[in-house]
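**Student:** Just the structure for this:
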Amino acid sequence: MRPNIFKFVTSELSQDAFICYVLDYYKDEWKSKYSLEYKFARFFIHKLFEKLGIEKIEINSLEIKKQFMGIDILLIINENLYIIIEDKTFTSERENQMNGYREKVINHCKALEQNVYCIYYKTGDESYTNTLLIRDRTNIETLLREEIIEIFEKYEGSNIIFEDYLTNLKDIQNERQNFKTKNLKNESFTWSEIVGFYNELDKAFVRLKLAGIMPKDIGFNWGYVANQNGGFMCYNFENVLDFEDYGYYLQLECNSENMKFAFKVWSDKKDISLLYKGLDILKENYGDRIQKPSRFARGTWMTQAIIKDYLVINEMDLIDVDKTAINIVKWLESLRDLKSKLKKDL
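**Tutor:** Sure, this is the predicted structure:
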C-alpha cells in the first residue's frame with residue numbers, strides 16, 4: 001500500500017487546511033479544469049446546508065476564512081450567512097466553545113443570530129451523550145466520522161489527496177470495528193477496539209431507551225480516565241441509585257489488559273464503611289455472580305464488587321453487543337430493586 005499523507009498530518013490544523021482545500025474548489029474558475037472537485041465542493045456545501053436545516057439557496061459568493069478570531073473555519077455565504085466549522089480530531093469541545101464562536105461572529109460581523117450556524121466536525125470519537133448535548137444548542141449540529149465517510153465516498157474523481165483522506169478515515173473506522181472479530185477467550189481488546197465497543201454500546205442503549213427497555217432517567221457516558229496504572233476507558237451509568245450523600249452506580253472499566261464491570265459507590269464523605277455493609281447485601285442477592293475486589297480503597301468514587309457475567313459471547317467466541325447491552329440493563333434494574341434494602345440496612 002502506498003504512503004498516505006494523513007497518516008502523518010494528524011493535527012486539527014492539518015484537517016482545517018484540507019477542508020478549506022476541498023471547499024476552495026467551489027469557485028467557478030475550477031469548473032472546467034477540475035470539474036469533479038468543483039462538483040464535489042458544491043455537494044459538500046449542500047450537505048452542510050442539509051445537516052443544519054438551511055433551505056437550498058443560490059450561492060453567489062463564498063468566502064473561506066481560516067483561524068478567524070480563533071475559529072477553525074468560517075464560511076461566509078452571500079455576505080450574510082455564516083457557517084462555523086469547529087474541527088476536531090481526537091480532542092473534544094472546550095466548555096461552551098461553539099456558542100462563544102457564534103457570539104463572536106454575531107458581534108464582529110453584525111450578523112443576525114439566526115444566520116449564524118456551527119458544525120462540530122469530528123473525525124475522532126465522541127460519546128452519544130456528548131454529541132446530544134452539542135446538538136441541543138441553537139443552530140449547532142454535529143458531523144461525525146461515519147457521516148463524513150459517506151460524504152467523501154460520493155467523490156467520483158481521482159484526486160490523491162481526497163482519496164488519502166477517505167482511506168485514512170476508513171482505516172480509523174475499521175480499527176474501531178475490529179472488536180467485532182476479536183476472540184475474547186484468547187485475546188483482549190486494543191484501545192481502538194474498546195472505543196469501537198463503546199460506540200456500539202451507545203447505539204444499543206439508545207435503541208433500548210426508545211423501545212422502553214432501559215429506564216429513561218439512567219444516563220450513560222464514556223471517556224478516558226487517567227490513573228497511575230496507565231488509565232482505562234470508563235463507561236459509566238448515572239442516576240442508578242442515589243441517596244442523600246451517597247449512592248450506587250455501575251461502571252465498565254476497560255484497558256488493553258482486561259475488562260471489568262463493577263458496582264461502584266459514590267460518597268461525599270468518602271465513607272468506606274458503605275462498601276463493607278453494602279457488599280453483604282449484594283452477596284446475599286447475587287452470590288458467586290459477583291466478587292469482592294482485591295482491596296477496598298477510600299475515596300469519593302469507590303469499587304464495591306466486580307460483576308462476573310455481564311458479557312454475552314456467542315458460539316464463535318465473539319461479543320454480542322445487543323445482548324450484552326440488555327444484560328447490563330438487567331443489572332441496572334436489579335440494583336435499583338435493592339434500594340429499600342440498601343437504604344434501610346445502611
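**Student:** Sketch out the low-pLDDT regions of the protein for me.
**Tutor:** Counting by pLDDT under 70, the chain contains low-confidence ranges at 344-346.
**Student:** Which parts of the stretch 101-250 of the chain are helices?
**Tutor:** Along the stretch 101-250 of the chain, counting by DSSP state H, counting those that start in this stretch, helices occupy 128-135, 145-152, 160-177, 191-210.
**Student:** Highest mean neighbour count out of these?
**Tutor:** Ranked by mean neighbour count, the helices of the stretch 101-250 of the chain are led by helix 191-210 with a mean of 19 (mean count of other C-beta atoms under 10 Å). No exception for glycine: its C-beta is placed from N, CA and C like everyone else's.
**Student:** Enumerate residues external to that one that contact any of its residues.
**Tutor:** Helix 191-210 has contacts (C-beta atoms under 8 Å, 6 or more residues apart in numbering) with 125, 127-129, 172, 175-180, 182, 189, 214, 216, 220, 222, 233, 235, 254-256, 319, 321-322, 324-326, 328-329.
**Student:** helices or strands next to the longest strand seen in the chain in the packing?
**Tutor:** As assigned by DSSP state E, the longest strand anywhere in the chain is strand 232-242. Secondary-structure packing of strand 232-242 (3 or more C-beta pairs under 8 Å, 6 or more residues apart in numbering; DSSP states H and E): helix 191-210, strand 219-225, strand 246-254, helix 321-337.
**Student:** now the angle from that strand to strand 246-254?
**Tutor:** Strand 232-242 runs at 160 degrees relative to strand 246-254, counting by axes from the mean of the first three to the mean of the last three C-alpha atoms, to 10 degrees.
**Student:** in strand 232-242, what's buried?
**Tutor:** Buried residues in strand 232-242, counted by 16 or more other C-beta atoms under 10 Å: 232, 233, 235, 236, 237, 238, 240, 241.
**Student:** what lines up beside that strand in the sheet?
**Tutor:** Partners of strand 232-242 in the sheet, by DSSP bridges, are strand 219-225 (antiparallel), strand 246-254 (antiparallel).
**Student:** Strands along the stretch 51-200 of the chain, start to end?
**Tutor:** Ranges of strands within the stretch 51-200 of the chain are 62-68, 71-77, 81-88, 116-122, 140-144, based on DSSP state E, counting those that start in this stretch.
**Student:** Show residues contacting stretch 302-309.
**Tutor:** Residues outside stretch 302-309 that contact it (C-beta under 8 Å, 6+ apart): 248, 250, 260-267, 270, 272, 274-275, 278-279, 282-283, 286, 288-293, 296-297, 327, 331.
**Student:** Please parse the protein into its domains.
**Tutor:** The chain breaks down by automatic domain parsing into domains covering 5-175, 182-345.
**Student:** Now render the strands of the stretch 51-200 of the chain as a markdown table, adding mean neighbour count and distance to residue 207.
**Tutor:** Output for the strands of the stretch 51-200 of the chain, formatted as a markdown table (neighbours: other C-beta atoms under 10 Å; distance: least, C-beta to C-beta, whole Å):
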| stretch | mean neighbour count | distance to residue 207 |
| --- | --- | --- |
| strand 62-68 | 15 | 39 |
| strand 71-77 | 21 | 33 |
| strand 81-88 | 22 | 26 |
| strand 116-122 | 24 | 22 |
| strand 140-144 | 19 | 17 |
